[in-house]
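*Asks:* The following block contains a protein sequence and its predicted model.
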Amino acid sequence: MLNDMTSEQIAVRLSKDLLAKLDALVRSGLYESRAAAVRAGVEAIAQIERRREVDRLISEGYKRTPPTHGEDAAALESLREAIAEEPW
């Protein structure tokens, strides 16, 4: 469902195979229409790219200011505790 923002219609060419997959998603009820499925795909790609950008910025920050030995040790201990709490 579109929000209150103005929208613009676009034309997209898909291979027969990809179109069949898109139609299967709609038939299965996961999406109400082809357009809804395509919007969801674009939103997912945008979210992935936002996460990549955040990861890149974090990495650059650690390169400029590397963690101290104490920070590394605390991070590892926190990770160990989180793993120990998992109900494997």
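*Replies:* Arrived safely. Numbering: from 1, shown residues only.

*Asks:* Name the spans of the chain whose pLDDT lies under the cut-off.
*Replies:* Low-confidence segments of the chain (pLDDT under 70): 1-4.

*Asks:* mind checking the longest helix of it?
*Replies:* For the chain, the helix with the greatest residue count under DSSP state H is helix 34-64.

*Asks:* Show the subsequent helix or strand relative to that one.
*Replies:* Counting by DSSP states H and E, the next helix or strand C-terminal to helix 34-64 is helix 69-85.

*Asks:* Can you tell me what sits against that following helix?
*Replies:* Pro67 (C-beta atoms under 8 Å, 6 or more residues apart in numbering). For glycine as for every other residue, the C-beta is placed from the backbone atoms N, C-alpha and C.

*Asks:* List the buried residues in the longest helix of the chain.
*Replies:* 37-38 (16 or more other C-beta atoms under 10 Å).

*Asks:* how far does that helix sit from the chain's center?
*Replies:* Chain-centre distance of helix 34-64: 6 Å, with C-alpha atoms, centre = their mean, to the nearest Å.

*Asks:* Good, wrapping up.
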